[in-house]
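> let's see this in three dimensions:
(4 chains)
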There are 2 protein chains.
Amino acid sequence: MDTAHPVIPPASPRSHRHWRIPKHSPLYQQIKALILDSLSEGEWRPGQIIPSELELAARYGVSQGTVRKAVDELAAEHLLVRRQGRGTFVATHTERQTRYRFLRLRSDKTPQAVQESTQRDFISCEQQPADAHVAAALGLQHGDPLLFTRRLLRFDGEPAILEDLWLPLARFNGLTAERLIDYNGPMYALYEAEFSVHMVRAEEKIRAILPEPEAARLLDVSTATPILSVERVAYSYGNTPMELRLGLYRTDTHHYHNALK
Amino acid sequence: MDTAHPVIPPASPRSHRHWRIPKHSPLYQQIKALILDSLSEGEWRPGQIIPSELELAARYGVSQGTVRKAVDELAAEHLLVRRQGRGTFVATHTERQTRYRFLRLRSDKTPQAVQESTQRDFISCEQQPADAHVAAALGLQHGDPLLFTRRLLRFDGEPAILEDLWLPLARFNGLTAERLIDYNGPMYALYEAEFSVHMVRAEEKIRAILPEPEAARLLDVSTATPILSVERVAYSYGNTPMELRLGLYRTDTHHYHNALK
DNA sequence: CAGTGGTCTAGACCACACT
DNA sequence: GTGTGGTCTAGACCACTGC
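Residues are numbered from 1 along each chain as shown, chains lettered A, B, ... in the order given. Coordinates of the predicted model:
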């Protein structure tokens, strides 16, 4: 087996080590970092199975327990998914369970369940240069090419979210407006399937605002109806910002649900 | 040593076990539940040290590794805090790090840091019977006695939050209005110090609203300024709801920050 | 120095899934 | 049955804290 990323000297694996481990960081953290590298470099793609714990242990020249601790943490961070008896898989946003992981808007009537019938209407979808604000949020240069999209999301037919979305074209290989136009589904699933981009985490800034006339019209409310403004930056593996969203949420019929831990 | 909660027969600890473990749930989960019991029964109070891993292992008749896994999970859930070389402690809301764990409002100017200078003005503080809404949220009977409090929080002198708060008197032993009136600090710290009530988690419903004239006046905004409405139920150890809050957050100068993982 | 949590290993066995 | 992750144990050593 090719030891692609030797943490440690090529290494008699079986016997106790008597040479010093370079005590920079714990071994399992180094293993975690190596697995993360393989993820961000695309060695294992979203949805795919990764090598078994014993294989990884052999590959990195450490014990199964050490690999286990590394994988445990990556699973806790939702980067990997363990399935007993089957193996360990690269996490996805496509499964039922994780499909709407970042969507916090709930209906006032059925506060428990996640939205079932979601309808998406594209309002516009075009290439744009980055203005100062978007460039700052996404770590780009002023004027860098973006794909801009505006969509209206309806829950059970009722307008619920008006969402603007900016994607840096340089980070989505082969993305075009046409590609998105007739896609109807969660964006994060598309990113994974078409561009091997997996969103790991996101940060939101939430405010109460009054909508512009155009937004009010689309959301089917008056301009005097307060609206929740949700600005989100989503990050991929290396803490690289990949997407900026500005969502306008109707909270007269819905609410934003947050669990504090 | 008194084995107060024997998971398993009193137990020859040293030799390998050959009797069957009743495979209801993993051993470490049972240990976790026992530790949780000791926490909710007050055997170890907030801030106090709990027995060492080896002591717990002896007490429950399991290996150190099993105790470790149980404690690891409780630490991940912020119920315990591990300190290398010192011991394991019952988590508190009083430490610098965890002081404002549930407060998500950030200044637009200094989005990173947590609020430094917070001033609290009590507006009212009185006993009340529970109405239908509060009773439902806190799992009480209609009419059960509550302590109601309204406070205005200022950040750097500027009004930022107007907060209503309901506490079930039956669950706060010896709580009186007088006790709160001249207290100036985070509520959760007071609950721990005075009533041994530790908040473990909370759930929030967030909406955009227009404020009533009275609220607008106190927050020093017009009644046409949209305000963030944050309804929070906070839970103690046994998922017991202990507190209902209704916060009105100014988001013209601040924003609600949320990290999605 | 002794005592604590933190890391690492090795090996046994269990529970589950696929074939 | 074989192979996977999940649990449990035992023991060695490391890193930190406080006496």
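> using the three-state scheme, assign the residue nearest to the spatial centre of chain A.
Nearest to the mean C-alpha position of chain A, counting by Cα atoms, centre = their mean, stands A:Met199 at 1.7 Å. State at A:Met199, reduced to three classes by DSSP: H, G, I helix; E, B strand; the rest coil: coil.
> for it, which non-adjacent residue is closest in space?
Among residues not flanking A:Met199 along the chain, A:Ala234 sits closest, at 4.6 Å (Cβ to Cβ, 6 or more residues apart in numbering or on different chains). All C-beta spots, glycine's among them, are computed from the backbone N, C-alpha and C.
> specify the beta-bridge partners of the one you found.
A:Ala202, A:Glu243 (DSSP bridges).
> ok, and for the helix or strand A:Ala193 falls within, which residues are buried?
A:Ala193 belongs to helix A:187-195 when elements are defined using DSSP states H and E. Residues of helix A:187-195 classed as buried by neighbour count (16 or more other Cβ atoms under 10 Å in any protein chain shown): A:Met187, A:Tyr188, A:Ala189, A:Leu190, A:Tyr191, A:Glu192, A:Ala193, A:Phe195.
> still on that earlier bit, was I right about the residue nearest to the centre of chain A contacting A:Thr240?
No - using Cβ atoms under 8 Å, A:Met199 and A:Thr240 do not qualify as a contacting pair, with a distance of 10.3 Å.
> ends of stretch A:86-93, how far apart?
19 Å (Cα to Cα, to the nearest Å).
> do stretch A:162-177 as well
18 Å.
> can you give me the helices in the stretch 151-261 of chain A?
For the stretch 151-261 of chain A, the helices defined by DSSP state H, counting those that start in this stretch occupy A:177-181, A:187-195, A:213-219.
> in chain A, what spans have low per-residue confidence?
Filtered on pLDDT under 70, chain A yields the residue ranges A:1-23, A:111-116.
> recalculate using a threshold of 80.
A:1-24, A:111-117 (pLDDT under 80).
> what parts of it come near chain B?
Residues of chain A that fall close to chain B, judged by Cβ under 8 Å from any Cβ of the partner chain: A:76-78, A:101-102, A:104, A:111, A:201-210, A:224, A:226-229, A:232, A:249, A:251-252, A:255-261.
> show the buried residues in those.
Of those, these count as buried by 16+ other Cβ under 10 Å: A:78, A:101-102, A:104, A:201-210, A:226-229, A:232, A:249, A:251, A:255-256, A:258, A:260.
> you'd agree A:Ala75 is in a strand?
No - counting by three-state DSSP, A:Ala75 is not part of a strand but helix.
> burial count for it?
Neighbour count for A:Ala75, taken as other Cβ atoms under 10 Å in any protein chain shown: 15.
> same thing with A:Ile49?
Neighbour tally, A:Ile49, other Cβ under 10 Å: 12.
> which strand residues bridge it?
Under the criterion DSSP bridges, A:Ile49 forms beta bridges with A:Phe89.
> residues touching it, list them.
A:Arg86, A:Gly87, A:Thr88, A:Phe89 (Cβ atoms under 8 Å, 6 or more residues apart in numbering or on different chains).
> kindly recompute the last result at 7 Å.
Residues near A:Ile49 by Cβ atoms under 7 Å, 6 or more residues apart in numbering or on different chains: A:Gly87, A:Thr88, A:Phe89.
> dump those residues to TSV, plus distance to B:Gly42.
Formatted as TSV, the contacts of A:Ile49 follow (distance: Cβ to Cβ, whole Å):
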residue	distance to B:Gly42
A:Gly87	44
A:Thr88	40
A:Phe89	43
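> could you find the closest non-adjacent residue to the closest residue to DNA strand C within the stretch 151-261 of chain A?
Nearest to DNA strand C, among the residues of the stretch 151-261 of chain A, is A:Lys261, at 19.3 Å (Cβ to the nearest atom of the strand). Closest residue to A:Lys261 apart from its sequence neighbours, by Cβ to Cβ, 6+ apart: B:Arg201 at 5.2 Å.
> buried residues in stretch A:232-252?
Using 16+ other Cβ under 10 Å as the test for burial, stretch A:232-252 gives A:232-237, A:241-251.
> re earlier: same list (the helices of the stretch 151-261 of chain A) but as CSV, adding distance to B:Arg59.
Formatted as CSV, these follow (distance: least, Cβ to Cβ, whole Å):
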stretch, distance to B:Arg59
helix A:177-181, 59
helix A:187-195, 46
helix A:213-219, 59
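> if we can go back for a sec, I figured the residue of the stretch 151-261 of chain A closest to DNA strand C hits B:Ala202, correct?
No - taking Cβ atoms under 7 Å as the definition, A:Lys261 is not a contact partner of B:Ala202, at 8.3 Å.
> show me where the stretch 1-150 of chain A has its helices.
So, for the stretch 1-150 of chain A - with DSSP H, counting those that start in this stretch - the helices run A:27-40, A:53-60, A:64-76, A:132-138.
> which strands or helices does the second one pack on?
Helix A:53-60 is packed against helix A:64-76, with contacts defined by 3 or more Cβ pairs under 7 Å, 6 or more residues apart in numbering or on different chains; DSSP states H and E.
> what comes up buried for the helix it packs on?
A:Thr66, A:Val67, A:Arg68, A:Lys69, A:Ala70, A:Val71, A:Glu73, A:Leu74.
> which residues are contacting it?
Contacts for helix A:64-76 (Cβ under 7 Å, 6+ apart): A:27-28, A:31-32, A:35, A:53-54, A:56-57, A:60, A:80-82, A:88.
> next, the contact list for the nearest residue to A:Gly143 once chain neighbours are set aside, please.
Nearest residue to A:Gly143 in three dimensions, chain neighbours excluded: A:Pro129, at 4.6 Å (Cβ to Cβ, 6+ apart). By Cβ under 7 Å, 6+ apart, the contact list for A:Pro129 reads A:Gly143, A:Asp144, A:Pro145, A:Leu146.
> cool, A:Val62 as well?
So A:Val62 contacts A:Leu27, A:Ile31 (Cβ under 7 Å, 6+ apart).
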